[in-house]
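Asks: Give me a model of this one.
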Amino acid sequence: MSSDFEGYEQDFAVLTAEITSKISRVPRLPPDEKKHMVANVEKQLEEAKELLEQMDLEVREIPPQSRGMYSNRMRSYKQEMGKLEADFKRSRIAYSDEVRNELLGDDGNSSENQRAHLLDNTERLERSSRRLEAGYQIAVETEQIGQEMLENLSHDREKIQRARERLRETDANLGKSSRILTGMLRR
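Replies: I've put the predicted structure just below:
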């Protein structure tokens, strides 16, 4: 059983050496090769995890008196695997930052330009906010004026309707007066 474990150890050592080498090369590769290399490293990391699982199974089958030494090795291999994954994650982040910078046309040393651009955009946003607030105030004032005009028109309508009603009454009274006078003239 320990020979299987040692075979797995050798495979793990070779694989981790390859992964370490590839991780260190990722940032310096052209973009199309980086993408391929990242996929390749991900695949090798999965293989390394599988090897660790196999090694762990082998350690469980070793008699308890010999298991301590192998368990210590397993802990160090797992720590090494964690370090490799962290290094790979850092190189992927650097890779994704480079891709983002390429896509955005960012040259990497434009933090001052970004800051100035951000401040400019903030000022524009504040100006736009002030304009919107002023526009809102004008809309509120216009609404109040419109409401007052509607109330005035409503009062004027009522006045005109009362005046029309008085005019009708006056017209009716004049008609009545005219008939009475006509009747008086005939007598």
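Asks: host element of Glu18?
Replies: helix 2-25 (DSSP states H and E).
Asks: quick check: angle from the helix or strand of the chain with the lowest mean pLDDT to helix 2-25?
Replies: Least confident element among the helices and strands of the chain, by mean pLDDT, DSSP states H and E: helix 64-104 (a mean of 78). Here helix 64-104 runs at an angle of 20 degrees relative to helix 2-25 (axes from the mean of the first three to the mean of the last three CA atoms, to 10 degrees).
Asks: How far does helix 64-104 sit from its chain's centre?
Replies: Centroid displacement of helix 64-104 relative to its chain, using CA atoms, centre = their mean, to the nearest Å, is 30 Å.
Asks: Check the gap between Ser71 and Asp56 for me.
Replies: Ser71 sits at a distance of 9 Å from Asp56 (criterion: CB to CB, to the nearest Å). The C-beta positions use only the backbone N, C-alpha and C, and glycine is treated the same way.
Asks: on that earlier part again, please identify the buried residues of the helix holding Glu18?
Replies: If you call a residue buried by 16 or more other CB atoms under 10 Å, then helix 2-25 has these buried ones: Phe5, Tyr8, Glu9, Phe12, Leu15, Thr16, Ile19, Thr20, Lys22, Ile23.
Asks: between those residues, which is nearest Arg130?
Replies: Distances from Arg130 to the buried residues of helix 2-25, taken as CB to CB, are shortest for Ile23 (51.6 Å).
Asks: so that closest one makes contact with Phe88?
Replies: Yes: under the contact definition of CB atoms under 8 Å, Ile23 touches Phe88, with a separation of 5.3 Å.
Asks: who touches both of the two?
Replies: Shared contacts of Ile23 and Phe88, defined by CB atoms under 8 Å, 6 or more residues apart in numbering, are found at Val41.
Asks: so where is the chain shaky, pLDDT-wise?
Replies: 1-2, 94-110 (pLDDT under 70).
Asks: biggest helix in it by residues?
Replies: When secondary structure is assigned using DSSP state H, the longest helix within the chain turns out to be helix 111-186.
Asks: Check the spacing between the nearest residue to Ser91 once chain neighbours are set aside and Tyr8 real quick.
Replies: If the residues on either side of it in the chain are set aside, Ser91 comes closest to Val26, at 4.5 Å by CB to CB, 6 or more residues apart in numbering. If you measure Val26 against Tyr8 using CB to CB, the figure is 26 Å.
Asks: Ok, Gly68 next?
Replies: The separation that Gly68 has from Tyr8, given CB to CB, amounts to 18 Å.
Asks: go on, Ala17?
Replies: For Ala17, the distance to Tyr8 under the criterion CB to CB works out to 15 Å.
Asks: Then Ile19?
Replies: Where Tyr8 is concerned, Ile19 sits at a distance of 16 Å (CB to CB).
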